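Enquirer: from the sequence below, what's the structure:
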Amino acid sequence: MPLLRQRRFPRARRSVGAAREFAAETLLQWGCHERHEDIRLCVSELATNAVLHGVPPGREFLLALIGDGASIRIEVRDSGGGVPVVKAGGLDECGGRGLLLVQALADDFGVTPQNPGKTVWTVFKSVLGGALAVES
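Expert: Down below sits the predicted model:
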């Protein structure tokens, strides 16, 4: 049975750090130590995008971490319009590279439309080919 932890965060800059800490606590609780920093960075980028571009004023975003023993799935759901796009621009651009980082670090990445809004998700598999150390 998959493990699931989720939490709602308000549309506020402080929510990015809070989401990152929630993810870190969850990974620690589950005994997951592989790719810990990559996962935290991706949570930070997805939460930042939700706060800056996805969450309408007065609303919240949902962060969910799902572990199945072999992978960790991160989902950030917001009720805003639009679909995030990975920018393939150069390093001279100011901003817009967060999803490029997420795409490079995660084993899988995508966007699922919702009504309203969307869920941006990433998946991290074990880098050693075995199961992640996930305990309930």
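
Enquirer: what residues of the worst-scoring helix or strand of the chain on mean pLDDT count as buried?
Expert: Ranked by mean pLDDT, DSSP states H and E, the weakest helix or strand in the chain is helix 98-105, scoring a mean of 92. Of all the residues in helix 98-105, those buried under the rule 16 or more other C-beta atoms under 10 Å are 98-99, 102, 105. Every residue, glycine included, has its C-beta placed from N, CA and C.

Enquirer: over to stretch 37-52?
Expert: For stretch 37-52, a neighbour-count test (16+ other C-beta under 10 Å) marks 38-51 as buried.

Enquirer: which non-adjacent residue is nearest residue 99?
Expert: The spatial neighbour of residue 99 that comes closest, neighbours along the chain excluded (C-beta to C-beta, 6 or more residues apart in numbering), is residue 86 at 4.5 Å.

Enquirer: err, residue 6, not the other one
Expert: Closest residue to residue 6 apart from its sequence neighbours, by C-beta to C-beta, 6+ apart: residue 64 at 3.9 Å.

Enquirer: got it, and residue 79?
Expert: residue 117 (3.9 Å).

Enquirer: the one you found is in contact with residue 83, isn't it?
Expert: No. In this structure, residue 117 is not within contact of residue 83 by C-beta atoms under 8 Å, at 10.1 Å.

Enquirer: these two - which one has more neighbours?
Expert: residue 117 (21 against 9; other C-beta atoms under 10 Å).

Enquirer: dihedrals phi and psi, the more buried one?
Expert: When read as degrees, to the nearest 10, the backbone of residue 117 gives phi 80, psi -150.

Enquirer: residue 69 now?
Expert: Main-chain dihedrals, residue 69, degrees, to the nearest 10: phi 90, psi -30.

Enquirer: against residue 102, how distant is it?
Expert: Residue 69 sits 23 Å away from residue 102, taking C-beta to C-beta, to the nearest Å as the criterion.

Enquirer: and residue 82, by the same measure?
Expert: With the distance defined as C-beta to C-beta, residue 82 ends up 17 Å from residue 102.
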